[in-house]
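# sequence and computational prediction follow.
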Amino acid sequence: MLKTLKSYARSGALVLAGLAAGAAEAQDTAMAPLDPPQDVKVAYVPIMKFATMYVAEHRGLFDKHGLNVDLERVKSGTEAIAFLTQGTVDVGGIAIVTSLWSGWNKGLDIRIIAPGALEPMEDSPTKLLVRKALAEDGTVTSVADLNGRRVAVAGGPGSGGEYLLAKALERGRLTIRDIEPMNVANPDMPLSFENGAVDAAIAGSPFADQILAAGNAGVLETDLTPGLMTVAFVGSGKLVNDRPEVAERFVLALTEAAALMQGEDYLAPENIEAYMTYTNSTEEALRAGRPVIYDPEMKIPVAGLADIEKTHRENGRTEYTDPLDLSNVIDERFTEAARKALGK
């Protein structure tokens, strides 16, 4: 994790250094602010994986590019998707779930325009845990030994958790059809291990930490999907098709914000204020928790998205069986334009 953070910090520093050193050149290539300023309405789930947007708003980066951004909290990505398809919001901060893949197959007119946070490259808080008794008596010593056993995951069929479980099972040459999957809510995971209701589970922080601290499980596998993007900024069809100049500047502001969040700057006072303004987190929790990873170049990890789609499709979780054309899912014009404007 430290290595990854330092790598991203160096990338972020290069972005800022490049802007300072080549101010005249950047002026020629950067996008001019929109005049008059344009309104952008965003529906987002208030989690740290969308923090580039919080920093961009709080530190005036949207204003700088001629955008009046209205951030509206929603309870779930499903609610945000409904607003996007109705055309009542321009951008959604959402998780990439199975229903989206089926929607895109039917012509859902929204596109991924920028990445949210990424999974850590190492020391991920999300782990595949095995019940301690099974590990100690040698019943389960590898992923392959989970064949036929009860494995819990929050969210059930087609969820992000099930995707992580599928990737863990691959390490033992198993699929979700080889185990007995159980849909267990994250807060119920510790009790499920304590009473022996499950043999293994995919669990994240803080629940994995609670289970391990209680001595009821051991780690079977970790770092299941390094660098994976499970959430994204998604633009409505009206935005990407009718107002591309607005989408360009929105993504440019996100990219500039990401550069301001690398390494030690992640906990800069202005950034902490932004995080607390748009989430329910506290400064104490932010300082104690693992930093969330944001790519300062804001590249959309296309290969990772393709693997998510392929895994859910092969597991029978989508309403279609043929591979999906990702050009109907992703629009990389805006991240490419942001990197060009920043001289990258």
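Yep, it's here.
# now Arg287, nearest residue through space, not along the chain?
Leu267 (6.3 Å; CB to CB, 6 or more residues apart in numbering). Heads up, the C-betas are built off the backbone N, CA and C, glycines and all.
# quick one: end-to-end distance for stretch 118-129.
One end of stretch 118-129 sits 22 Å from the other (CA to CA, to the nearest Å).
# mind listing residues that contact it?
Contact partners of stretch 118-129, identified using CB atoms under 8 Å, 6 or more residues apart in numbering, comprise 1, 3-4, 143, 164-165, 168, 193, 200-205, 208-209, 211-212, 217-230, 290, 293-295, 301.
# how about that stretch: buried residues?
Buried residues in stretch 118-129, defined by neighbour count with 16 or more other CB atoms under 10 Å: Leu118, Glu119, Pro120, Met121, Ser124, Pro125, Thr126, Lys127, Leu128, Leu129.
# now, these that are in strands?
Lys127, Leu128, Leu129 (DSSP state E).
# pLDDT score for the last one?
The score at Leu129 is 98. That number is its pLDDT.
# hey, what's it bridged with?
Ala201, Val219 (DSSP bridges).
# Ala285: helix or strand, and which one exactly?
helix 283-288 (DSSP states H and E).
# and what of Ala274?
helix 269-278.
# so which elements touch that helix?
Helix 269-278 sits against helix 51-58, helix 283-288, with contacts defined as 3 or more CB pairs under 8 Å, 6 or more residues apart in numbering; DSSP states H and E.
# so which of those is nearest Lys310?
helix 51-58 (27.3 Å; CB to CB).
# list the buried residues for the closest one?
Ala51, Thr52, Met53, Tyr54, Val55, Ala56, Glu57, His58.
# how about stretch 289-304?
For stretch 289-304, by 16+ other CB under 10 Å, it's Pro291, Val292, Ile293, Tyr294, Asp295, Pro296, Glu297, Met298, Ile300, Pro301, Gly304.
# list the ones among those that fall in helices.
Gly304 (DSSP state H).
# now for the buried residues of stretch 289-304: which two are most distant?
Pro291 and Ile300 (21.1 Å).
# picking that back up, how far off centre is the helix holding Ala285?
Distance of helix 283-288 from the chain centroid (CA atoms, centre = their mean, to the nearest Å) equals 20 Å.
# ok, residues contacting that helix?
Leu267, Ile272, Tyr275, Met276.
# how close does the residue in the chain sticking out farthest from the centre sit to Val130?
Most distant residue from the mean C-alpha position of the chain: Asp137, 37.2 Å away (CA atoms, centre = their mean). To Val130, Asp137 is 11 Å away according to CB to CB, to the nearest Å.
# how about Ala257?
The gap separating Ala257 from Val130 is 40 Å, by CB to CB.
# the two: who's more crowded?
Val130 (28 against 25; other CB atoms under 10 Å).
# so Glu321 sits in a strand?
That one is not Glu; residue 321 is Thr. No: with DSSP: H, G, I helix; E, B strand; the rest coil as the criterion, Thr321 is located in coil rather than a strand.
# so what's the residue count around it?
9.
# surely it and His312 touch.
No: counting by CB atoms under 8 Å, His312 is not a contact partner of Thr321; they are 11.5 Å apart.
# residue boundaries of the strands in the stretch 1-150 of the chain?
With DSSP state E, counting those that start in this stretch as the definition, the stretch 1-150 of the chain shows strands at residue ranges 38-44, 67-73, 91-95, 110-115, 127-131, 150-153.
# distance to Gly263 added to the ones you listed, as a markdown table?
Below are those laid out as a markdown table (distance: least, CB to CB, whole Å):
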| stretch | distance to Gly263 |
| --- | --- |
| strand 38-44 | 25 |
| strand 67-73 | 26 |
| strand 91-95 | 24 |
| strand 110-115 | 19 |
| strand 127-131 | 25 |
| strand 150-153 | 33 |
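# so where's the chain uncertain?
1-30 (pLDDT under 70).
# gap between the residue most central in space within it and Val184?
Taking CA atoms, centre = their mean, the centroid of the chain lies closest to Val231, which sits 3.2 Å from it. Separation of Val231 from Val184 (CB to CB): 22 Å.
# and Thr318, what does it touch?
Thr98, Trp101, Ser102, Asn105, Gly158, Glu309, His312.
# also Ile179?
Ile179 neighbours (CB under 8 Å, 6+ apart): Leu146, Asn147, Gly148, Arg149, Arg150, Val151, Leu169.
# mind redoing it with 7 Å?
Neighbouring residues of Ile179 by CB atoms under 7 Å, 6 or more residues apart in numbering: Leu146, Asn147, Gly148, Arg149, Val151, Leu169.
# cool, Ser142 as well?
Applying CB under 7 Å, 6+ apart, the residues contacting Ser142 are Gly172.
# phi and psi next, for it.
phi -150, psi 170 (degrees, to the nearest 10).
# can you report how many residues lie near Arg313?
Arg313 has 20 nearby residues by other CB under 10 Å.
# now do the helices in the stretch 1-150 of the chain.
Using DSSP state H, counting those that start in this stretch, the helices of the stretch 1-150 of the chain run over 2-21, 23-29, 51-58, 61-64, 77-86, 98-105, 132-136.
# what's the fifth one packed up against?
Spelled out, it's helix 77-86. Other helices and strands packing on helix 77-86, by 3 or more CB pairs under 7 Å, 6 or more residues apart in numbering; DSSP states H and E, are strand 38-44, strand 91-95.
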